[in-house]
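Novice: Could you look at this predicted model? Sequence included:
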Amino acid sequence: MALPGDPLYDTAALRAIEASALAGQADPAILMQRAGRAGWQMARRCWPDARRIAVVCGPGNNGGDGYVLALQALQAGMDVRVVRLESQAPRTEAAQAMCAAFETAGGRIVHFDGALPAADLVIDALFGIGLSRAPDDATTALIEAISGHGAPVLALDTPSGLSADRGSVAGAAVVATRTLQFLAPQLGLRTGDGPDHAGALSLDTLGIARTCVTDARPAARRVDTHDLAHWLKPRRRNAHKGRHGRVLCIGGDHSTGGAVLLAAGAALRAGAGLVEVATQGAHVAPLLARWPEAMVRRTDNVSALAGAFEAADVVALGPGLGRGAWGHTLFEETLDAATANDRPLVLDADALNLLAARPRTLPAGVVLTPHPGEAARLLGVDTADIQRDRPAAVRALAARWNAVVVLKGAGSLVCAPGGVPWLIDAGNPGMATGGMGDVLTGIIAALRAQGHGAEDAAVCAALLHAVAGDRAAAQGGERGLLPGDLIDILRACANPGAHA
Ligand SMILES: NC(=O)C1=CN([C@@H]2O[C@H](COP(=O)(O)OP(=O)(O)OC[C@H]3O[C@@H](n4cnc5c(N)ncnc54)[C@H](OP(=O)(O)O)[C@@H]3O)[C@@H](O)[C@H]2O)[C@H](O)CC1
Ligand SMILES: [K+]
């Protein structure tokens, strides 16, 4: 069965695609010509009234694309200025040729003196996939002038200063209104700082053969709301609650009972047949009031859970667990029991912090759901290290713990050990609030209990969680979005097509 989603590429793959596309081409600048023309057609389509065009060109082939665009605009009768740093005259043969063609046609090139000229549209052709280091002060000033100009910004290939591989910014990066990618879609524009800098995304394949792209190794696979149906099929008529699995949620110390309540509610709304909660807080009554469908028991240790543990198809450990004596006991005993009984586990929140503090080998089929801070503790690095290269971080976490990992954050990433990461192309900043992770944990556990493998359950759950977050935000706004809002909308999202 075909994998859901679309491939995303890193710069190494893009270089391979470019080489494959240029093989046998008489004119090595053919792609640059097409890129510059595509950029100008995009500019005309998105900003048809723009007359004064400022094109910021860098020293490489991204700049070369810019010179081609500038010539196109000049020949269309626009008022065009190419702006560059005096130190950044075109260095590649192709870019030099395009620059010469622009000047021969009467194009004007001005050196950046701290301010960009008045313009109706700014084109960012400073750096593309060749960015190799943090911009120096002069380049930073130019980047900031682009972002602060006030006119719309069309970035060619990559917003300059953003890593197309890592989705991170070393120093400064252009904030673009739209980014026109060339050849194939880039991973870095969709995770970490990518979405904030790339703006709306477009792609022009520059007319290359499809095989040039399909032969390249994807850096990730992007999934969005349209892919939910791949996992969430209509239910068979001959069903009973046992077929939909049994989830045991363990967590909820005295002051953090709400977390395990959210996980249990999410598991119910994501379709688990039965949900049991083992907790110790004084929140049993409110939990049952909110979810009378859940079975709740107070517990001090796993042996007290004997029946529940055996009966469970999957155990979610961590929401509100805390790191006190009670949490420690349940952490160690649950992992021992899950290992002995080969019970699928979802570990979140304090279970992750306890695992980082007391490393141990995990049984097969575990799903970890760290946010960047928990991820940092699980790898023994700083949070900044995680965010600097999220794709590398999620691969490292999956390998280090031999588990499927959901690295939460802008553009959540999911990865199995040795696998290609999945990029969740949904979600919004309204979801950056306490309790949202507990909801995700409940959804993963519910999908595991319904028979999905660890990787499928993690990808589908992360996508379902983000889609529900977007739908809830669309109804009432991102600010003030609460985990309960997602739970209330989960059912509608978890049955694609049911309400069509
Ligand atoms: N994707 C494709 O196949 C296509 C590529 N095209 C366009 O070309 C760029 C890639 O071009 P490239 O020349 O490899 O790289 P860039 O233009 O992005 O910039 C690299 C040059 O800039 C210098 N550089 C890098 N980082 C910095 C920095 N922080 N400060 C100053 N200068 C920097 C770098 O110099 P080095 O010292 O690193 O050698 C290079 O000179 C791609 O993005 C597309 O826009 C085709 O035209 C279309 C298809
Ligand atoms: K650029």
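Specialist: That came in fine, so what should we check first? Here the structure is a predicted model, which means the values were calculated and not measured. Ligands and ions are numbered 1, 2, ... in the order given.

Novice: Spell out which parts of the stretch 1-150 of the chain neighbour ligand 2.
Specialist: Counting by Cβ under 5 Å from the ion, the positions of the stretch 1-150 of the chain adjacent to ligand 2 are Asp124. (C-beta placed from N, C-alpha, C; glycine too.)

Novice: cool, and the chain?
Specialist: 124, 155-156, 160.

Novice: show me where the stretch 401-500 of the chain has strands.
Specialist: Secondary structure of the stretch 401-500 of the chain, counting by DSSP state E, counting those that start in this stretch: strands at 404-407, 413-415, 422-424.

Novice: Packing partners of the first one?
Specialist: In other words, strand 404-407. strand 367-368, helix 372-379, helix 390-401, strand 413-415, helix 454-476 (3 or more Cβ pairs under 8 Å, 6 or more residues apart in numbering; DSSP states H and E).

Novice: For the third one, which residues meet the burial criterion?
Specialist: Yep, that's helix 390-401 we're talking about. 390-391, 393-398, 401 (16 or more other Cβ atoms under 10 Å).

Novice: Give me the subset of the residues of the chain next to ligand 2 that lies in strands.
Specialist: Among those, the ones falling in strands (DSSP state E) are 124, 155-156.

Novice: Tell me the spacing between the closest residue to Val223 other than its chain neighbours and Pro218.
Specialist: Spatial nearest neighbour of Val223, excluding adjacent residues (Cβ to Cβ, 6 or more residues apart in numbering): Gly5 at 3.8 Å. As judged by Cβ to Cβ, to the nearest Å, Gly5 and Pro218 stand 10 Å apart.

Novice: Now the helices and strands packed on strand 404-407 in JSON lines, please, with extra columns for mean pLDDT and distance to Ala138.
Specialist: As requested, the helices and strands packed on strand 404-407 are exported to JSON lines (pLDDT from 0 to 100; distance: least, Cβ to Cβ, whole Å):
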{"stretch": "strand 367-368", "mean pLDDT": "98", "distance to Ala138": "43"}
{"stretch": "helix 372-379", "mean pLDDT": "98", "distance to Ala138": "32"}
{"stretch": "helix 390-401", "mean pLDDT": "98", "distance to Ala138": "29"}
{"stretch": "strand 413-415", "mean pLDDT": "98", "distance to Ala138": "34"}
{"stretch": "helix 454-476", "mean pLDDT": "97", "distance to Ala138": "40"}
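
Novice: how about the lowest-mean-pLDDT helix or strand in the chain: buried residues?
Specialist: In the chain, no helix or strand scores lower on mean pLDDT, DSSP states H and E than helix 284-290, which sits at a mean of 80. Neighbour counts over helix 284-290 (16+ other Cβ under 10 Å) mark 284, 287, 290 as buried.

Novice: Hmm, the first one is touching Arg298, no?
Specialist: Okay, so that is Val284. Yes. If you go by Cβ atoms under 8 Å, Val284 and Arg298 touch, sitting 6.6 Å apart.

Novice: The residue of the stretch 1-150 of the chain at minimum distance from ligand 2: what's its closest spatial neighbour, skipping adjacent residues?
Specialist: Nearest residue of the stretch 1-150 of the chain to ligand 2, counting by Cβ to the ion: Asp124, 4.4 Å away. Excluding its sequence neighbours, the residue lying closest to Asp124 (Cβ to Cβ, 6+ apart) is Ala155, at 4.1 Å.

Novice: Equivalent analysis for Leu248, please.
Specialist: Counting by Cβ to Cβ, 6+ apart, the residue nearest Leu248 is Ala312, at 3.7 Å.

Novice: now stretch 424-435: how far from the chain's centre is it?
Specialist: Counting by Cα atoms, centre = their mean, to the nearest Å, stretch 424-435 is centred 11 Å from the centre of its parent chain.

Novice: Same check on stretch 280-293?
Specialist: Taking the mean of its C-alpha atoms, stretch 280-293 sits 34 Å from the chain's own mean (Cα atoms, centre = their mean).

Novice: what about stretch 106-122, distance to the chain center?
Specialist: With Cα atoms, centre = their mean, you get 35 Å for stretch 106-122.

Novice: what does stretch 48-59 give?
Specialist: 30 Å.

Novice: what's the answer for stretch 484-496, then?
Specialist: For stretch 484-496, the distance to the chain centre is 21 Å (Cα atoms, centre = their mean).

Novice: pLDDT on it, on average?
Specialist: Averaging pLDDT along stretch 484-496 gives 93.

Novice: ok, residues contacting it?
Specialist: Around stretch 484-496, the neighbours that count as contacts under Cβ atoms under 8 Å, 6 or more residues apart in numbering are 228-229, 232, 234, 262, 265-266, 269-271, 431, 436, 439, 443, 464-465, 467-469, 471-472, 475-476, 499.

Novice: Which among the residues you listed count as buried?
Specialist: 228, 232, 262, 265-266, 269-271, 431, 436, 439, 443, 464-465, 467-469, 471-472.

Novice: Check the spacing between Leu180 and Gly380 real quick.
Specialist: Distance from Leu180 to Gly380, by Cβ to Cβ: 40 Å.

Novice: Of those two, which one has the most company?
Specialist: Leu180 (25 against 10; other Cβ atoms under 10 Å).

Novice: for the helix or strand hosting that one, packing partners?
Specialist: Using DSSP states H and E, Leu180 sits within strand 178-182. Under the contact criterion of 3+ Cβ pairs under 8 Å, 6+ apart, strand 178-182 touches helix 30-46, strand 153-156, strand 200-204.

Novice: which of the ones you listed is buried the deepest?
Specialist: Looking across these with neighbours counted as mean count of other Cβ atoms under 10 Å, the highest average goes to strand 153-156: a mean of 30.

Novice: same question for it, mean pLDDT?
Specialist: Rounded mean pLDDT across strand 153-156 is 98.

Novice: Restrict it to CA atoms and write it as PDB.
Specialist: What follows is strand 153-156, C-alpha atoms only, in PDB (Å, rounded to 0.1, in the frame of the first residue of the first chain):
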ATOM      1  CA  VAL A 153       8.500  39.800   0.300                       C
ATOM      2  CA  LEU A 154       8.700  37.000  -2.200                       C
ATOM      3  CA  ALA A 155      11.600  34.700  -1.200                       C
ATOM      4  CA  LEU A 156      13.200  32.600  -3.900                       C
END
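
Novice: Now find how far off-centre it is within its chain.
Specialist: The answer for strand 153-156 is 21 Å, by Cα atoms, centre = their mean.

Novice: Quick one: residues contacting the residue nearest to Leu481 when sequence neighbours are not counted.
Specialist: Counting by Cβ to Cβ, 6+ apart, Leu481 lies nearest to Gly430, which is 3.5 Å off, once chain neighbours are set aside. Gly430 sits next to 469, 472-473, 477-481 when contact means Cβ under 8 Å, 6+ apart.

Novice: could you redo the last one with a cut-off of 6 Å?
Specialist: Neighbouring residues of Gly430 by Cβ atoms under 6 Å, 6 or more residues apart in numbering: 473, 478, 481.

Novice: ok, these vs ligand 2, which is closest?
Specialist: Glu478 (28.5 Å).
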